Each structure stands twice: as C-alpha cells, then as structure tokens.
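> With the input below, show me the fold.
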Amino acid sequence: MKGHPIAGDLAISLDTATRQARSFRHSLEVEVRILMLHGLLHLAGFDHEIDSGEMAALEEQLRRRFRLPTALIARAQSTRQRGRA
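Presented below is the predicted three-dimensional model:
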C-alpha cells in the first residue's frame, strides 16, 4: 500500500487461544478479540514492558468500550502477583 507503511503482523495460535478461553471461561471469539486488541496496540507502538502504564490504561479503556472481559495486561499482572504470594 503506497503511503501506508505496514506496522507488522499479528499471529494468534488458535490452539493457545482455545486453552486460554477455556481457562478464563469465555468463548474462543472473545479470546481472539482480546489478543487482537493487545496485538494492535503493540503494532501502534505501545509497549507495556517499558511504558509507565499507558498501554495498560488504553487497553483497559478499549476493553470496556468493546465489552471484553479482563484485558491481557491485567491478566498477566494478576498471574505474576499470584506467583509471588
């Protein structure tokens, strides 16, 4: 596409997404939407590993707008906190 650089690709493992959907008790469609939202934010230049919470805040805002359950960053943070307990 002339004038529109490609930011990258999103690759989602449906096997992993299926396991995660079962684990979080929602549909595969919902899990793929969560993963796509997270991936699109990365393609837009956000990086939750180095920012000060901007990506997490935007992901949470968009999650609510699209009526999705817990955002991916929040799930990862929860998992890390349980591992420390």
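> C-alpha only now, for contacts and for neighbours.
OK.
> for stretch 74-85, what is the average pLDDT?
For stretch 74-85, mean pLDDT rounds to 68.
> how about the residue most central in space within the chain, what does it touch?
Centroid-nearest residue in the chain, with CA atoms, centre = their mean: His38, separated by 2.8 Å. The contact partners of His38, by CA atoms under 8 Å, 6 or more residues apart in numbering, come to Glu59, Ala71, Leu72.
> Now with 7 Å, please.
His38 makes contact with Glu59, Leu72 under the criterion CA atoms under 7 Å, 6 or more residues apart in numbering.
> For the strand or helix carrying it, buried residues please.
Assigned by DSSP states H and E, His38 belongs to helix 28-43. Within helix 28-43, the residues that count as buried by 16 or more other CA atoms under 10 Å are Leu28, Glu31, Val32, Ile34, Leu35, Leu37, His38, Gly39, Leu40, Leu41, His42.
> Please spell out which residues along whatever helix or strand comes next after that helix are buried.
Sequence-wise, the next helix or strand downstream of helix 28-43 (DSSP H and E) is helix 54-65. Taking 16+ other CA under 10 Å as the neighbour-count basis, helix 54-65 is seen to contain the buried residues Met55, Ala56, Glu59, Glu60, Leu62, Arg63.
> what's the angle from helix 54-65 to helix 28-43?
With axes from the mean of the first three to the mean of the last three CA atoms, to 10 degrees applied, the angle from helix 54-65 to helix 28-43 works out at 150 degrees.
> List every C-alpha atom in helix 54-65, with coordinates, as CSV.
Output in CSV follows, covering the C-alpha atoms of helix 54-65 (Å, rounded to 0.1, in the frame of the first residue of the first chain):
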residue,chain,number,x,y,z
GLU,A,54,-0.1,4.0,29.1
MET,A,55,-0.7,0.8,27.2
ALA,A,56,-2.5,-0.9,30.1
ALA,A,57,-4.7,2.2,30.6
LEU,A,58,-5.6,2.3,26.9
GLU,A,59,-6.1,-1.4,26.7
GLU,A,60,-8.5,-1.2,29.7
GLN,A,61,-10.4,1.7,28.2
LEU,A,62,-10.8,-0.1,24.9
ARG,A,63,-11.7,-3.4,26.6
ARG,A,64,-14.6,-1.6,28.3
ARG,A,65,-15.7,0.1,25.1
